[in-house]
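Participant: Structure, please.
(3 chains)
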Amino acid sequence: MKLKIKTEKRIELIDITDEVREEVRKRGIEQGVCILSTRHTTAGIIINENESGLREDILDLLNRLVPAGVGYRHDRIDNNADAHLKALLLGASEALPITDGNLELGTWQSIFFAEMDGPRNRTVNVTLLKGE
Amino acid sequence: MKLKIKTEKRIELIDITDEVREEVRKRGIEQGVCILSTRHTTAGIIINENESGLREDILDLLNRLVPAGVGYRHDRIDNNADAHLKALLLGASEALPITDGNLELGTWQSIFFAEMDGPRNRTVNVTLLKGE
Amino acid sequence: MKLKIKTEKRIELIDITDEVREEVRKRGIEQGVCILSTRHTTAGIIINENESGLREDILDLLNRLVPAGVGYRHDRIDNNADAHLKALLLGASEALPITDGNLELGTWQSIFFAEMDGPRNRTVNVTLLKGE
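Facilitator: Next comes the predicted model:
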């Protein structure tokens, strides 16, 4: 299944927890794994707490570790090297358990699509696997 | 299956390799994948070498890249923004192959639960999938 | 299935997309997931764009965030602490969907083995799982 996302800023976190949870419920897998992966090289998948201050702290950290436009080679080709490098630190996939037919998340866990080079139309792959 | 862990310091690495290996052996899956995921937003899963100096180097690196208490917004809500940000860099899940009924690890690979905001009682999800 | 790789530099990115794609095609799984994992503690798996400038930007970023030989404890045991720490930031595994019998990658996505302590002979685990 593919989740379509429309991002609105250059760099932002979009909470996709409800959409993923609903997809797992619909598919009726009792035990297994839900794998989330991005099809993009300037975006990542994050699992963390959805608190507005923390969301900004996350973006600040990424901008501090990987500032935009500081002489990257890739900026001569396409002016978004920092977005690729931020995505690298986040990773392209995450896996979550499915238990008793539901996506299993800890109390504070939310799933985010992390846009590093928006605004764009984006796609997240949601792949379900039956476990033992 | 859930692995229960009791951490003792604010930030530490707990080697869970033996527990995960034993769980794989017990379950009798010949070929497949073992997925490890954390239920927490201030902890991560790491696969690296278990050497005491390196374990400290890892914690030092995380403290250097994400120092505690330097004006994060989330610290006004809950004084642990650095722990969330460190967990972000580590990632919430890892996957390892199961081959001939055993968890397959390289010579130097150990699995760690990475506590970033202890001491706490923690849970690691260990989910097994049968492969082709 | 195991992919054998011979790296030639201390730190480099090796594009393994074609080998992984071919393995998926050969195995005839229609829907599922392909999991890539490293057996090494000084190497990682990356999914990003294969553009020569960006490949160098990635290595520069890793060298900037984790410079070699700056007093790490592990360097007294084995002079490669920076390689372990770089691998930690990259992560040891990634997962990609298999759709209609093919590895599903976005337009700009390539899969890299990220060598952080070469030159060495390396192994990547490619594990396929049937989905629902």
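Participant: Residue A:76 against residue C:52, yeah?
Facilitator: No - in this structure, residue A:76 is not within contact of residue C:52 by C-beta atoms under 8 Å, at 10.9 Å. In short, each C-beta sits where N, CA and C put it, glycine included.
Participant: Kindly report the residues of chain A close to chain C.
Facilitator: Selection of chain A residues close to chain C by C-beta under 8 Å from any C-beta of the partner chain yields A:27, A:29, A:32, A:35, A:37-41, A:65-66, A:72-74, A:76-78, A:81, A:84-85, A:87-89, A:91-93, A:95, A:123, A:125, A:127-130.
Participant: pLDDT (mean, whole number) over stretch A:75-85?
Facilitator: Across stretch A:75-85, the average pLDDT comes to 97.
Participant: Mind listing what's buried along it?
Facilitator: Across stretch A:75-85, burial judged by 16 or more other C-beta atoms under 10 Å in any protein chain shown covers A:75, A:78, A:80-85.
Participant: Could you do stretch A:10-27 as well?
Facilitator: A:10-14, A:16, A:19-21, A:23-24, A:27.
Participant: At which residues are the helices of chain A located?
Facilitator: Taking DSSP state H, the helices of chain A run over residues A:17-27, A:52-65, A:81-90.
Participant: so which of the ones you listed gets nearest chain B?
Facilitator: Chain B lies closest to helix A:52-65 among those, at 3.1 Å (C-beta to the nearest C-beta).
Participant: Show me what that closest one is packed against.
Facilitator: strand A:12-15, strand A:43-48, helix A:81-90, helix B:81-90 (3 or more C-beta pairs under 8 Å, 6 or more residues apart in numbering or on different chains; DSSP states H and E).
Participant: Turn these into CSV, including distance to residue A:102.
Facilitator: Shown next, in CSV, are the helices and strands packed on helix A:52-65 (distance: least, C-beta to C-beta, whole Å):
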stretch, distance to residue A:102
strand A:12-15, 18
strand A:43-48, 16
helix A:81-90, 25
helix B:81-90, 23
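Participant: what sits against residue A:117?
Facilitator: Counting by C-beta atoms under 8 Å, 6 or more residues apart in numbering or on different chains, residue A:117 touches A:10-11, A:42-43, A:80, A:83.
Participant: if we go to 7 Å?
Facilitator: Neighbour list for residue A:117: A:10, A:42, A:80, A:83 [criterion: C-beta atoms under 7 Å, 6 or more residues apart in numbering or on different chains].
Participant: Next: residue A:127.
Facilitator: By C-beta under 7 Å, 6+ apart, the neighbours of residue A:127 are A:35, C:33, C:97, C:131.
Participant: follow-up on the earlier one: show me the two of the buried residues of stretch A:75-85 that sit farthest apart.
Facilitator: A:78 and A:85 (12.9 Å; C-beta to C-beta).
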